[in-house]
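A.B. asks: based on what follows, work out the 3D shape:
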Amino acid sequence: MKKDKIKTYREALDFIYAKLPMFQRIGPVAYKKDLSNTLQLCLVTGNPHEKLKTIHIAGTNGKGTTTHIIAGGLQAQGYKVGVYTSPHYRDFRERIKINGEYISKKFVVDFINTYYNEIEVIQPSFFEVTVAMAFLYFAESKVDYAVIETGLGGRLDSTNIITPILSVITNISYDHQNLLGDTLQEIAGEKAGIIKKGVPVIIGEKQPEIMDVFVRKSEKENAPLTYAEDHIRINNKSEDGYKNLDVYYQQDIWLKNLQTDLSGPFQEKNLVTGLYAIKVLAGMIDIHTDKLTEFFPHLKQSTVYLGRWQVLGNKPTIIADSAHNEGGLRIVLNEIKKQPFRKLHMVIGFVNDKSLNQVLSLFPDTATYYFAKANIPRGLDAQILADQAGLHGLKGRTYKSVKTALAAARKKATEEDFIFIGGSIFVVAEVL
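C.D. replies: I've put the predicted structure just below:
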């Protein structure tokens, strides 16, 4: 039995972080390979997930962006839209939003106080508690729709207790092999776990080596399966970001001169997937295209979307991006090659359970490197990273923190140079 009530938001966060294992901070030991804790927590909170209309998003890369595109499309219509994403960058409350507004600090405090004893008995992970909190917040706030991003995998992810009106799987790449499997087929099988009986499923990208995994699962569940790229085509008429798009559905123009504030080389695929999801939803609920064109120019701002190809400075250009696996980093590093600069500076750090050889081989050996450890227990020691990077011809110095590494890069760079910060979401979080 708890002796004293938690009085402040800070105390609530301290309890959440101290008492509950958090995968992002400590790694695989926090990963629970079943849904029982989440189901128990939701049972004691009144099964709020059963009161929600949800859209469920899984995938290796792009799921956070796709989540915000779909949420923005719904928000544009005037719907009250809950968004659950992970991890957070600066503020725990980034994970749980309604129409771009973070969950209230009071709700976080009240939730911990109300369910303290149950949490002590069930001993859930950080993620399991956060999912239950999100579902209750959305239900009590009476959202029209909730767009729910999986945390890790799909089949055994805590979010996978929902029965959505639409499931979306963005793509499959190598990540978290120690938990999800060593092959793309195994990883795809875990992601396919979000496919539910009779619920339409969208696959963002056609990847021939794994298409059969999704086909078999969708047929087993009698879930209509479609591929976004078969239905949506984008003609980007702008050379600077995504400021002038013609979007075609089938062969006909659907959205003419659509503008977005999304940036980065990966966004066209995410836009194809997200916009197709909105088109599919338009067959179920009211979606007006004119409201989409009005909303999308300020999508990032209105949905509070962070951390992807985010410009932190000019002269020198400073870009932060939270791509952290082979698939995501390959796209980002290819885009960096296209940028105009005199010299390239790379501030990088990784988590200690990452397969480094695959990703380090992608980095250019012509850049100057600033190796740093993210300020979490799971962060990889900067010297270990530097030693591994040296085997790939990547040269630079180690720094005691991400901020000191960035300060050193700023000091060394000229106005014509390019500074990139990345390798891990937690590295990016320290500079936003």
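A.B. asks: so how far is residue 285 from residue 308?
C.D. replies: Distance of residue 308 to residue 285, given as CB to CB, to the nearest Å: 27 Å. Heads up, the C-betas are built off the backbone N, CA and C, glycines and all.
A.B. asks: neighbour count for those two, which is higher?
C.D. replies: More crowded of residue 308 and residue 285, by other CB atoms under 10 Å: residue 308, with 23 against 13.
A.B. asks: point out where this protein drops to low pLDDT.
C.D. replies: When residues are selected by pLDDT under 70, those of the chain lie in 1-3, 20-33, 174-182.
A.B. asks: what residue is smack in the middle of it?
C.D. replies: residue 64 (3.2 Å; CA atoms, centre = their mean).
A.B. asks: pretty sure that residue sits against residue 149.
C.D. replies: Yes: contact between residue 64 and residue 149 holds when scored by CB atoms under 8 Å: they sit 6.0 Å apart.
A.B. asks: residue 202 belongs to a strand?
C.D. replies: Yes: counting by DSSP: H, G, I helix; E, B strand; the rest coil, one finds residue 202 located in a strand.
A.B. asks: excluding sequence neighbours, find me the nearest residue to it.
C.D. replies: residue 168 (4.8 Å; CB to CB, 6 or more residues apart in numbering).
A.B. asks: what packs against the helix or strand where the one you found lies?
C.D. replies: When secondary structure is defined by DSSP states H and E, residue 168 falls within strand 166-169. The helices and strands touching strand 166-169, judged by 3 or more CB pairs under 8 Å, 6 or more residues apart in numbering; DSSP states H and E, are strand 54-58, helix 63-75, strand 201-203, helix 267-281.
A.B. asks: adjacent strands (with direction) for that strand?
C.D. replies: According to DSSP bridges, the neighbouring strands of strand 166-169, each with its direction, are strand 54-58 (parallel), strand 201-203 (parallel).
A.B. asks: gap between that strand and the chain center?
C.D. replies: When distances are taken as CA atoms, centre = their mean, to the nearest Å, strand 166-169 is centred 15 Å away from the chain's centroid.
A.B. asks: please apply the same query to stretch 400-416.
C.D. replies: Stretch 400-416 has its average C-alpha position 27 Å from the chain's average C-alpha position, going by CA atoms, centre = their mean.
A.B. asks: can you list the buried residues in it?
C.D. replies: Neighbour-count burial for stretch 400-416 flags 402, 405, 406, 408, 409, 413 (criterion: 16 or more other CB atoms under 10 Å).
A.B. asks: equivalent analysis for stretch 323-337, please.
C.D. replies: Buried residues in stretch 323-337, counted by 16+ other CB under 10 Å: 323, 324, 325, 326, 327, 328, 329, 330, 331, 332, 333, 336.
A.B. asks: now, which of these sits nearest residue 48?
C.D. replies: In terms of CB to CB, no member of the buried residues of stretch 323-337 lies closer to residue 48 than residue 324, at 31.1 Å.
A.B. asks: so for the closest one, what's the nearest residue that isn't a sequence neighbour?
C.D. replies: The shortest distance from residue 324 to any residue that is not its chain neighbour, by CB to CB, 6+ apart, is 5.2 Å, and that residue is residue 424.
A.B. asks: what's the answer for residue 408, then?
C.D. replies: Counting by CB to CB, 6+ apart, residue 370 is the residue found nearest to residue 408 once chain neighbours are left out, at 5.7 Å.
A.B. asks: confirm for me that that neighbour is in contact with residue 394.
C.D. replies: No: with contact defined as CB under 8 Å, residue 370 does not count as touching residue 394 (11.0 Å).
A.B. asks: take the helices and strands packed on strand 166-169 and write them to TSV, including distance to residue 222.
C.D. replies: Supplementary listing: those in TSV, determined by distance: least, CB to CB, whole Å:
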stretch	distance to residue 222
strand 54-58	17
helix 63-75	23
strand 201-203	11
helix 267-281	17
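A.B. asks: so which of those gets nearest residue 357?
C.D. replies: Across the helices and strands packed on strand 166-169, residue 357 has its closest neighbour in helix 63-75 (25.0 Å, CB to CB).
A.B. asks: off-centre distance for the closest one?
C.D. replies: Its chain's C-alpha centre lies 11 Å from the corresponding centre of helix 63-75 when counted by CA atoms, centre = their mean.
A.B. asks: circling back to that earlier point, tell me the contacts of the residue nearest to the centre of the chain?
C.D. replies: Contact analysis of residue 64 by CB atoms under 8 Å, 6 or more residues apart in numbering lists 85, 149, 305, 308.
A.B. asks: can you get me a residue count around residue 165?
C.D. replies: Residue 165 has 18 neighbours, counted by other CB under 10 Å.
A.B. asks: which of the buried residues of stretch 400-416 lies closest to residue 342?
C.D. replies: Minimum separation from residue 342 among the buried residues of stretch 400-416 (CB to CB) is found for residue 413, which lies at 8.9 Å.
A.B. asks: ok, that closest one to residue 99 distance?
C.D. replies: Here the criterion is CB to CB. By it, residue 413 lies 39 Å from residue 99.
A.B. asks: now residue 324
C.D. replies: According to CB to CB, residue 324 stands 28 Å off from residue 99.
A.B. asks: just residue 170 next, same as before
C.D. replies: Taken as CB to CB, the spacing of residue 170 relative to residue 99 amounts to 23 Å.
A.B. asks: who has more neighbours, those two?
C.D. replies: For residue 170 versus residue 99, the count of surrounding residues by other CB under 10 Å is larger for residue 170: 26 against 19.
A.B. asks: remind me what the top strand by length along the chain packs against, helices and strands.
C.D. replies: Selection of the longest strand in the chain by residue count, based on DSSP state E, yields strand 252-258. Applying 3+ CB pairs under 8 Å, 6+ apart, one finds that strand 252-258 makes contact with strand 245-249, helix 289-295.
A.B. asks: residue 355 is nearest to which of those?
C.D. replies: Residue 355 lies closest, by CB to CB, to one member of those: strand 245-249, at 35.6 Å.
A.B. asks: ok, and what's touching that closest one?
C.D. replies: Contacts made with strand 245-249 from outside it, assessed by CB under 8 Å, 6+ apart, are listed as 231-238, 253-260, 271, 275, 279.
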